[in-house]
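**Student:** I would like the atomic coordinates for the input below:
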Amino acid sequence: RLTQTLAPLMASGARTFMLCAVSPLPDDHLDTLNTLRVAQRCARIDAACVRRVLAPEHIRALRSRFTTLREAVARADAVADAALVSAASAGVVSTTEARARAAERA
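**Tutor:** I've put the predicted structure just below:
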């Protein structure tokens, strides 16, 4: 199963490195054997590295999306800050706790 799970990741054009821990102890021989079998199966996966170059319009779209997400997070933080201030003024949470929660998000 592990090989099947890793296969798409290893064949996606990324460089991969597998480090296997084996033991010389007789009690660990089954674990060592299974580890080496998995490593052998992984070595058979065709993992040719491919350099992907993004088109400028794709980069612009990603930057735009990143900016949109950053603005959404800022708005959510502002709403959360306002809710904390409201809760603190209503006595639901202490002012110290409200400040601590705001500092955690900063």
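**Student:** And the helices in this structure?
**Tutor:** For the chain, applying DSSP state H gives helices covering 2-10, 29-43, 56-89, 95-105.
**Student:** looking at the ones you listed, which is closest to residue 16?
**Tutor:** Judged by CB to CB, the one of the helices of the chain that comes nearest to residue 16 is helix 2-10, at 4.8 Å. All C-beta spots, glycine's among them, are computed from the backbone N, C-alpha and C.
**Student:** What are the contacting residues of stretch 91-105?
**Tutor:** Defining contact as CB atoms under 8 Å, 6 or more residues apart in numbering, one finds that stretch 91-105 is touched by 77, 80-81, 84-85, 87-88.
**Student:** which one of these is nearest residue 55?
**Tutor:** The shortest separation between residue 55 and any of the contacts of stretch 91-105 is 33.0 Å, and it belongs to residue 77 (by CB to CB).
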